[in-house]
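Undergrad: Pasting the sequence and the predicted model now:
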Amino acid sequence: MISPKGSKESFHIRDSFKKMTFSQKIDYIIAYYKFPVITAIIAAAVLISTAVERANRKQPVIYTAFANVGVGETLLEHFSDEYLVFAGKTSKEGVVLYRDLYISDDSSSENHQYAYASKLKVLGAISSRKLDLVLMNKEAYDLFSSSGFLCNLDDLLKQDTKLHSKLSDLIISNTVITEDNSIEYDLGEAEEYTAETIEMKNGLDVSAAPCLASAGFPDTVYLGVIENSPRKDEALSFIGYLFEPYP
């Protein structure tokens, strides 16, 4: 039987390759297989990098935002790594902090564009269920409340009777808009803005919390828990942590 031409060529190449020196073999591979080798190296590097990233990636236990409240590095450390130690978390767990958010509906403000960007960030985090707690000033608290973003804190704190008894006097009520004609009003289809509202105990005055009192905030600091948070138990733990003794 006569072997196909391709088989003779393959045999010739293999035979010639065996006779090459080591350096000649390297030059041959680089010259004829450079592209697939580079592609394979890149693919391997991507796979290794992805595997390392996944192995080192921390699982967030809670997502906390600071709206219209400036927080320094010391407090950030207290709210993240020190909280993880307090709560007995593992090295594979972490805290996500959204800082420097500016929440306002004042369209005449010079920070209007920054406020708009912060609003989009908040809406995205809430929509993806990646926001649990908010520390904020009165303006931000009013906006979070009226938008219906905050849960009933009185009901939530009752899940921990000792914590509720300790903090019940600090629970604040605010207005929640249940229905309005804002779209029609903005489009000029309604002459005046109207809204149906309720009062809800959805805020907590945390200004006296040891870690916050020591920071010397000039205005009242409020805490709210996001209504659609899937980590409300962790939020309760964090609230209790805020009122622990602070060095």
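TA: Ah, there it is.
Undergrad: Just give the closest residue to H164, not the sequence neighbours.
TA: Counting by Cβ to Cβ, 6 or more residues apart in numbering, H164 lies nearest to L157, which is 4.1 Å off, once chain neighbours are set aside. Every residue, glycine included, has its C-beta placed from N, CA and C.
Undergrad: Can you tell me the number of residues neighbouring the one you found?
TA: Residues lying near L157 (other Cβ atoms under 10 Å) number 24.
Undergrad: residues contacting it?
TA: Residues in contact with L157 (Cβ atoms under 8 Å, 6 or more residues apart in numbering) are 163-164, 167-168, 171, 236, 239.
Undergrad: Looks to me like T90 is in a strand.
TA: No - T90 is assigned coil when assessed by DSSP: H, G, I helix; E, B strand; the rest coil, not a strand.
Undergrad: Neighbours of the residue nearest to N111 when sequence neighbours are not counted, how many?
TA: Leaving out its chain neighbours, the residue that sits closest to N111 by Cβ to Cβ, 6+ apart is Y102, at 5.7 Å. Using other Cβ under 10 Å, Y102 has 18 neighbouring residues.
Undergrad: Wait, Y102 touches A115, no?
TA: Yes - contact status for Y102 versus A115: in contact at 5.1 Å, counting by Cβ atoms under 8 Å.
Undergrad: quick one, phi psi at the residue nearest to N111?
TA: phi -120, psi 110 (degrees, to the nearest 10).
Undergrad: residues touching it, list them.
TA: Per Cβ under 8 Å, 6+ apart, neighbours of Y102: 67-68, 111, 114-115, 118.
Undergrad: Could I have the PyMOL command that selects the buried members from those?
TA: Here is the PyMOL command that picks out the buried ones among the contacts of Y102, judged by 16 or more other Cβ atoms under 10 Å:
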select buried, resi 67+68+115+118
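Undergrad: so which of the contacts of Y102 comes closest to L150?
TA: Nearest to L150 among the contacts of Y102 is A67, at 11.8 Å by Cβ to Cβ.
Undergrad: Enumerate every residue touching the nearest residue to N174 once chain neighbours are set aside.
TA: Nearest-residue entry for N174: S145, 3.9 Å, with adjacent residues in sequence omitted and distances by Cβ to Cβ, 6+ apart. The neighbours of S145, taking Cβ under 8 Å, 6+ apart as the test, are 174-176, 200, 202-203, 224.
Undergrad: hang on, Y141 in a helix?
TA: Yes - Y141 forms part of a helix when assessed by three-state DSSP.
Undergrad: how deep is it tucked in, by neighbour count?
TA: Neighbour tally, Y141, other Cβ under 10 Å: 27.
Undergrad: ok, now the one 10 residues further on?
TA: Counted with other Cβ under 10 Å, residues neighbouring C151 total 19.
Undergrad: pretty sure it contacts K232?
TA: Yes - using Cβ under 8 Å, C151 is in contact with K232, at 7.3 Å.
Undergrad: Give me the phi and psi angles of the residue nearest to N174.
TA: phi -70, psi -50.
Undergrad: Okay, and which of the contacts of L157 map to strands?
TA: If you go by DSSP state E, the contacts of L157 have I171 in strands.
Undergrad: Just the buried ones from the contacts of L157?
TA: 163-164, 167, 171, 236, 239.
Undergrad: From those residues, which land in helices?
TA: 163-164, 167, 236, 239 (DSSP state H).
Undergrad: For these, please prepare TSV with the additional fields distance to V134.
TA: Formatted as TSV, these follow (distance: Cβ to Cβ, whole Å):
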residue	distance to V134
L163	18
H164	20
L167	17
L236	15
I239	12
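Undergrad: Not counting sequence-adjacent ones, nearest residue to N202?
TA: For N202, the closest residue by Cβ to Cβ, 6+ apart turns out to be L150, at 3.9 Å.
Undergrad: I appreciate the help and will end here.
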